[in-house]
Every structure is written in C-alpha cells, then in structure tokens.
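S.K.: only geometry, no sequence info:
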C-alpha cells in the first residue's frame, strides 16, 4: 500500500465494536510486512499498515485470533513512567472496501529500549552507556522468560526468537517486543496461523528439516535457552568454542547445533573445547543441569516457565562481589566475572609482551643470527659442553668411590643403624635411589655423558649393589639367618 498519512481507516475491536482512526505521520518503515504510523488523537497507539492487501483474508483471520486470545502482560509502571512490554494488536484496520490493511497496537518507545544483542558484549555496552551490572542481565533473562511463558499459556509461539528480535528498556531491563503478527498464533478449534521466519544459530537440532509451519514450543524452548546462556555468559553462544583439531572441518554454529556439539556440559565435547573466557564453571549447579537438558540429545528441555522460576530464585540468592560493585556470583566458587577478567588481562599482557619482544626464529633472536654472532654462540656452547664433560667425569669418579667404600664409611654408624632396624635402612636406601634418578634426569641435558642410557642404568645398578652389600655387612645378616635355621 502507498503512503497512508492522513488516511482514515475503520478499526474493529475485540468486542466487535467499530471506530474511525486518522493516521498521522510515518514513524518507521518497519520490516518486511509493513510501515508504522502515528494515530491522531490516540498518542498511546500506533498503526501498522501492511505493504499490500494480497493476504488480506489470512491477515484478518490471524489478527482476529490474536484479538480473541491476548496474553496477560499488562503495562508496568516504574518511577512514574508506564512501560508497554508487548505491541499486541488492539484492533484490526479496514479500508472502505473492507480489506484488512493492518492493525492498531500500543506505542512502544523504542528510543528508550535497546536490542538484547547490545547487552551481550562489554564493548557495545560501554559505547551505548549501558550499565555493567551483571544482575541486570539476569533480570533481562528473567523478563524474556516471563514473556515467553505468557505467550505459551495462550498457545502462541514466537518461533523466530533471537536477541535482535527482542528489546529491553535501558533503565530497567523490562521486555519490549514488537512485530507480534509474525508469531505462530493459536486460533479457535486448534487452528494455527504459523510464523513465517526462523533464524539460524537459534534453530533447535530436531527442527533442521522442518518448516516454520511445523515449529512450535520446542523451537521457543531451545532459542530461549540459547538467549539465557548468552546473557549469563557474556554473549558466548552455547554451541561456540575452540575446535580441538586445527585440521577439522570448520563447522558453522548451526552445524554444531545439528550435531549436538555442546561444549559446556557434564561431558567434554569431541569437536570443541569451551570458550577460554566462559563463566559456565561458576554457574549454579541447577543452572548447569537445566542447560544440560536444553542442549544435549534425548533430554527434556526446560519450559519457559521453568526458566522463569529458576531465574527468579537465582536473582534472590545472588552474592555481592567485594572487589567490583557491578559483579555478583552464584556459588562458593567465587566471582566468575573477576576470574575471567583477570585471565583476559593476563593473556593480553602476555600477548603485548610477546609482540613488543625481540623477533625470534626457532628461539633465537633475529638480531643474533649474523655469522659472527652464530660463530660466537657456537664457541661458547662448545666450551660449556667441554666444561660439563670434565665436571661429569669428576662427579662420576667421586660417585663410584663413594658407593664402593659405602660399607667402610658406615662402620662408625654401625650401632646407630642397627637400632634403626633393617626396615628403616631399606626405606633410606630406596629414597637414595629415587634421589639419584632425579639428579640424573635434572642434569641430563647439560652433561653429555648422562645422555647415554646404558651408563645411567649402570650407575644406578652399581649404587643398588653397593647399598645391598653395605646393609648385609652392617646388619650381619648372614649370621642372623643361621640363627633362625632349625
């Protein structure tokens, strides 16, 4: 339909009454279905006029069903201002020929609201001047769940439920929903007027081969869980993550949904690991279990009402962070927001340090790769190896002499060792062998002679034999054994 400014239409209300409305200026070009106009002498209402009347009969039937089956979601007053949360039809509009051309709906001040998308990322919140209070995002999640619950009670489904299609008021996080004529609407006698659109990254796995006509509550339950996960987890999608193998095919988010690659559940996902800055490990146990039900195969997804009840409980059991007034947390694990912030800043510091540091090839600074430098480094390394070789020979000689005369060295301590008992002596000998093994491994890189496994094995066997001989000699074991003979 062409511009409708100054045009008078007939308004048909839910109770069957009629009225005349005069349209004012165009406020918004709207979406794919129609334009938005002001209504003269009715500042609280606006009119949505469809682009054409080809679907007049279908539009009328759907709008009549919406008028007769309206969800209970009255306006909310806060700080003396009334906030309309859903632009549900108030009346259908007819032209003089009786064609349905659009409908009246409550005015929602979209200048006071922002898309739910804008709450997800810290940089966007900062740019738009939105609050950093984490509790606000939990409250926004609660309000979205409440809206979906109200619609489901009436048998209606949103279907194309995603953050960009949901707005919240900036001051209080109350929901602001428009374009309700695009929902899947329940009519009389179980008739249904289906939705026309659904968006990737929010389509439930079992619905991949379904049309919008066939989608209903399961689609809303899945999309709602995705939105709640993203609001609680700094915008991270529940099916995004870090692929475990670089040579694997890079799957889209919707591909990962289809294959149930949920990386934040009780069991690790084979395709991807969680996002490095995910908060999910700090979520409440019940929250994790609900997400597990929402995103894993063969589980019964939580309803919108279950999410509403759960989020209400979360909001009333939040713990205030002592380090940051904008942070709250759920469990005794502590503040996940602080933990992920610290990890992020630490990683950025290391990355900056790495970028600013000298360029290296195979661990060698580029500035040190000149022929002169390489020759000098080689000479120093050779001299060091020669020195370590000599030290190794001296150390091994001392080692062989020490264990060779171990029995003689222990002679003065013979009585003390006997009092300790053979068991204690054996334990000390075992600890000595473990210490020898650790010392060999510690200096193996610096001492070339220790890199020969045959030599290191021989040294350890030699020490073991010498200690056995020393124990036998010290404890006069052969004599004691003869005494025990019958």
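M.R.: Happy to help now that I have it. None of these values were measured; they are calculated from a predicted model.
S.K.: What sits closest to residue 214 if chain neighbours are left out?
M.R.: Nearest residue to residue 214, sequence neighbours excluded (CB to CB, 6 or more residues apart in numbering): residue 207, at 7.7 Å. Placement of C-beta: from N, CA and C, glycine included.
S.K.: now do residue 286
M.R.: Nearest to residue 286 is residue 310, by CB to CB, 6+ apart, at 6.5 Å.
S.K.: what packs against the helix or strand that neighbour falls within?
M.R.: Assigned by DSSP states H and E, residue 310 falls within helix 304-315. The contact analysis (3 or more CB pairs under 8 Å, 6 or more residues apart in numbering; DSSP states H and E) places helix 304-315 against helix 134-153, helix 217-232, helix 285-295.
S.K.: thinking again about what came up before, now do the contacts for the residue nearest to residue 286.
M.R.: 286, 287, 290, 302 (CB atoms under 8 Å, 6 or more residues apart in numbering).
S.K.: How about residue 6?
M.R.: 22, 23, 24.
S.K.: hmm, 10 Å instead?
M.R.: 22, 23, 24, 25, 37, 40 (CB atoms under 10 Å, 6 or more residues apart in numbering).
S.K.: Tell me how far the second one lies from residue 95.
M.R.: The span separating residue 23 from residue 95 equals 12 Å under the rule CB to CB, to the nearest Å.
S.K.: wait, what's in contact with residue 187?
M.R.: 61, 62, 64, 65, 66, 68, 69, 155, 193.
S.K.: let's see it at 7 Å
M.R.: 61, 65, 193 (CB atoms under 7 Å, 6 or more residues apart in numbering).
S.K.: contacting residues around stretch 89-98?
M.R.: Outside stretch 89-98, the residues within contact range by CB under 7 Å, 6+ apart are 9-13, 45, 47, 60, 63-64, 66-67, 100-106.
S.K.: Buried members of the residues you listed into ChimeraX, please.
M.R.: Filtering those down to the buried ones (16 or more other CB atoms under 10 Å) takes a single ChimeraX command:
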select :9,10,11,12,45,47,60,63,64,66,67,100,101,102,103,104,105,106
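S.K.: Apart from its chain neighbours, what residue comes closest to residue 203?
M.R.: Counting by CB to CB, 6+ apart, residue 203 lies nearest to residue 254, which is 6.4 Å off, once chain neighbours are set aside.
S.K.: Make sure that neighbour is indeed in a helix.
M.R.: Yes: applying DSSP: H, G, I helix; E, B strand; the rest coil, one finds residue 254 inside a helix.
S.K.: State the number of residues packed around it.
M.R.: When neighbours are counted by other CB atoms under 10 Å, residue 254 registers 16.
S.K.: check contacts around it.
M.R.: Applying CB under 7 Å, 6+ apart to residue 254 gives the contacts 200, 201, 203.
S.K.: Please repeat the previous calculation with a cut-off of 10 Å.
M.R.: Taking CB under 10 Å, 6+ apart, we find residue 254 in contact with 199, 200, 201, 202, 203, 205, 208, 239.
S.K.: And for residue 192?
M.R.: Residue 192 is in contact with 62, 65, 155, 156, 157, 184, 185, 186, 213, 216, counting by CB under 10 Å, 6+ apart.
S.K.: how far away is it from residue 409?
M.R.: 95 Å.
S.K.: Quick one, which of the contacts of residue 6 are buried?
M.R.: Neighbour-count burial (16+ other CB under 10 Å) is assigned, among these, to 22, 23, 24, 37.
S.K.: Tell me the one among these nearest to residue 405.
M.R.: Relative to residue 405, the closest of the buried ones among the contacts of residue 6 is residue 37; by CB to CB it sits at 106.2 Å.
S.K.: one step back: now mean pLDDT, distance to residue 342 and mean neighbour count too, for the helices and strands packed on helix 304-315, in a markdown table please.
M.R.: Output for those, formatted as a markdown table (pLDDT from 0 to 100; distance: least, CB to CB, whole Å; neighbours: other CB atoms under 10 Å):
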| stretch | mean pLDDT | distance to residue 342 | mean neighbour count |
| --- | --- | --- | --- |
| helix 134-153 | 97 | 16 | 22 |
| helix 217-232 | 98 | 19 | 23 |
| helix 285-295 | 97 | 22 | 18 |
